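Enquirer: What follows is a protein structure lacking sequence information:
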């Protein structure tokens, strides 16, 4: 389902042979990952396996020692020269929202719009109200400051800002962490709705097994400094001990044994 | 129809074409309706929505791309026309675009995006009023905190083994020993400036030897202690607020309390005691550095040897010139440490408020130090010391 149909063919993200080191410790060693357009992919892995680092590498914040990344057909250069070509084409939701605390939610959403330039003020106001309603926040959240919002609302506001310029790809760093189960499952529905409506490609780092089971088309497991990608069924059949214990632990069984209501094809 | 009125250019890529068909207006959408398109057509669309007609039809058959901004533009046009009591129809919308169009709603278009600006005069008055109230509150709470700290101090004096000795010594190193270079250097430089200005003025009266008296009295009575106190307020008062504030944000202070430890005893007392011990020492050091600066100027500008400088100084200053500075030191130390710790403990919630209260701690403690210094000057003058 490619509603946007923008940018034509080719995968949304292609990571090839990425090696990332901190000091002498290698976090990623020859990591490959391909994400198709319109796909929701979950990134999982133990603590310290570099899930967030991988996101930061893809969006150009963290330069790897080796390897190439192409995002939406543009080669990511990590020196700022690819920033312009990619501006507004992807959005990132940071773990705690990373909203600018001196600005209201509406003004936060308008930051990327102002950066883009040329959007009339009245239209910007309308669009920021639209994004607020799109992510399921109450209308009056638009004029509130981040400090007046709860954790779940901050995440939604962060997502609204990430969606400000209708990006083709959004990256979510633990979107449901710290949300109550109702808030978390609302957020899952929201992501599915937005994918259905906007044809988004979504890459999400998560520890939330329910989220993985509910909305991800494929799951990328960071393991042994590399990545193993597969659908839920493929991974549950994997022989690897870590994957085994991840997908067959008591918590995982509770999440996966429920009748899968997802069925939302990409 | 004959009077087809192409609005946005006549090329085949035109994003929309308006046909007037009798009384009804037909908007034929074409191509990709994304943010760029909407930005370009925003004004035209608003105009079209206001045109007089009986019926508006939006024909979406030619649409080949739609994002939320595009969906909003279509939705808004329909809503505006409907608000004028005119019938609308959305025709031939490709099925794939229905979800986004359904989601593109703004429930309350009147919600403000920016915080209300308010009237300049009333805002100023309000801020002034708030500041006064706030100052009163701070004064009250600070004296409450002062009392509370004194009680804890009494408890520690009664049971000396409860004093955190390691923490106290560590604070003495951080606030005292580590401050020596900067305090020394600044007082030395101010001593030079003072002697220089004094010498140039006093030379005109042939009284250049009195430069030594000027430097001696000024440095010992005021400059040494005041400069030391201001530097310590900037260095250590801010550090106290930031350290305790960060602990507050990380809920470390709460953790202490749940373990039955008193935050005042663990965090505040070591800092207060340490600063009250090192501040007099720093003052002596500052005095020495200031006098040294003065003597250097005397040596080069007045041809006064070091020994001559000291001899003149001995006649110029009495013990109480030095003693007043030393008397003020522990008081200033107490104020700086209390304000720093108090503001640190007032931090709540975010990392942003750590910065806010750190700034506040420095401003408040320097303000109080200078106010107290003035009070001391009057008191010492009345006492004749």
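Expert: Thanks, I have it. What you see is a predicted model; the values in this text were computed from it and never measured.
Enquirer: Helices of the stretch 51-200 of chain B, start to end?
Expert: B:68-83, B:98-103, B:120-158, B:165-175, B:180-203 (DSSP state H, counting those that start in this stretch).
Enquirer: Mind giving me the packing neighbours of the first one?
Expert: Counting contacts by 3 or more CB pairs under 8 Å, 6 or more residues apart in numbering or on different chains; DSSP states H and E, helix B:68-83 packs against helix A:121-134, strand B:24-33, helix B:35-49, strand B:55-66, strand B:87-91, helix B:98-103. Glycine gets a C-beta too; all of them are placed from N, C-alpha and C.
Enquirer: Could you identify which of the ones you listed has the lowest mean pLDDT?
Expert: Out of the helices and strands packed on helix B:68-83, helix B:98-103 stands lowest, with a mean of 82 (criterion: mean pLDDT).
Enquirer: What residues sit buried inside it?
Expert: By 16 or more other CB atoms under 10 Å in any protein chain shown, the buried positions in helix B:98-103 come out as B:99-101, B:103.
Enquirer: Stretch B:140-158 too?
Expert: B:142, B:145-146, B:149, B:152-153, B:156.
Enquirer: if we can go back for a sec, can you tell me which of the helices of the stretch 51-200 of chain B is packed in deepest?
Expert: Of all the helices of the stretch 51-200 of chain B, helix B:68-83 carries the top mean neighbour count, a mean of 21, counting by mean count of other CB atoms under 10 Å in any protein chain shown.
Enquirer: Surely residue B:113 and residue A:144 touch.
Expert: No. Look at residue B:113 against residue A:144 with CB atoms under 8 Å: they stay out of range, at 10.5 Å.
Enquirer: Quickly list what's touching both of the two.
Expert: residue A:104 (CB atoms under 8 Å, 6 or more residues apart in numbering or on different chains).
Enquirer: now the strands: where do they sit in the stretch 151-266 of chain A?
Expert: Here the stretch 151-266 of chain A has its strands, by DSSP state E, counting those that start in this stretch, at A:169-173, A:201-205, A:218-223, A:226-230.
Enquirer: For residue B:284, which of those strands is the nearest?
Expert: Set against residue B:284 and scored by CB to CB, those come closest in strand A:169-173, at 54.4 Å.
Enquirer: Quick one: mean pLDDT over that closest one.
Expert: Here the average pLDDT along strand A:169-173 is 90.
Enquirer: Packing partners of that strand?
Expert: helix A:51-58, strand A:90-93, helix A:151-162, strand A:201-205.
Enquirer: give the contact list for residue 155.
Expert: You didn't pick a chain, so chain A it is. Contacts of residue A:155 (CB under 8 Å, 6+ apart): A:93, A:97, A:175, A:179, A:187.
Enquirer: that's the wrong chain, I wanted chain B
Expert: B:162, B:265.
Enquirer: From chain A, how far out is it?
Expert: According to CB to the nearest CB, to the nearest Å, residue B:155 and chain A sit 37 Å apart.
Enquirer: Tell me the confidence at that residue?
Expert: Reported pLDDT for residue B:155: 89.
Enquirer: got it, and residue B:285?
Expert: On the pLDDT scale, residue B:285 gets 96.
Enquirer: Point out where the chain drops to low pLDDT.
Expert: Just so you know, I chose chain A. For chain A, the stretches with pLDDT under 70 are A:1-9, A:257-266.
Enquirer: you looked at the wrong chain, it should be chain B
Expert: Using pLDDT under 70, the flagged stretches of chain B are B:1-14.
Enquirer: Enumerate the residues of it near chain A.
Expert: B:32, B:34-35, B:38-39, B:42-43, B:64-69, B:72, B:76, B:96-97, B:99-100, B:102-109, B:111-115, B:349-350, B:352 (CB under 8 Å from any CB of the partner chain).
Enquirer: Show me just the buried residues among the residues you listed.
Expert: The buried subset of the residues of chain B next to chain A - by 16+ other CB under 10 Å - is B:32, B:34-35, B:38-39, B:42, B:65-69, B:72, B:76, B:96-97, B:99-100, B:103-104, B:106, B:111, B:113.
Enquirer: who touches whichever residue of the stretch 1-150 of chain B sits closest to chain A in this structure?
Expert: Here the stretch 1-150 of chain B gets closest to chain A at one residue, residue B:113, 3.3 Å apart by CB to the nearest CB. Applying CB under 8 Å, 6+ apart, we find residue B:113 in contact with A:104, A:106-107, A:110, A:125, A:128-129, A:142-143.
Enquirer: for residue A:230, same thing?
Expert: So residue A:230 contacts A:218-219, A:221, A:238 (CB under 8 Å, 6+ apart).
Enquirer: how does it look with 7 Å?
Expert: Neighbouring residues of residue A:230 by CB atoms under 7 Å, 6 or more residues apart in numbering or on different chains: A:218-219.
Enquirer: Okay, and the beta partners of it?
Expert: In this entry, residue A:230 is beta-bridged to residue A:219, by DSSP bridges.
Enquirer: Equivalent analysis for residue B:32, please.
Expert: Under the criterion used (DSSP bridges), residue B:32 bridges to residue B:65.
Enquirer: Next one: it from residue B:67, what distance?
Expert: Relative to residue B:67, residue B:32 is positioned 9 Å away (CB to CB, to the nearest Å).
Enquirer: How about residue B:385?
Expert: 79 Å.
Enquirer: and if you look at residue A:156?
Expert: From residue A:156 to residue B:67 the distance is 19 Å (CB to CB).
Enquirer: One more: residue B:225?
Expert: 67 Å.
Enquirer: count of neighbours near the nearest residue to residue B:362 once chain neighbours are set aside?
Expert: Sequence neighbours aside, residue B:238 is the residue nearest to residue B:362 in space, at 4.9 Å (criterion: CB to CB, 6 or more residues apart in numbering or on different chains). When neighbours are defined as other CB atoms under 10 Å in any protein chain shown, residue B:238 has 23 of them.
Enquirer: Check residue B:20 too.
Expert: Neighbours of residue B:20 (other CB under 10 Å): 15.
Enquirer: Mind listing what's buried along the helix or strand that contains it?
Expert: In this assignment (DSSP states H and E), residue B:20 forms part of strand B:16-21. The neighbour-count check on strand B:16-21 (16+ other CB under 10 Å) flags B:16-19 as buried.
Enquirer: All set, thanks.
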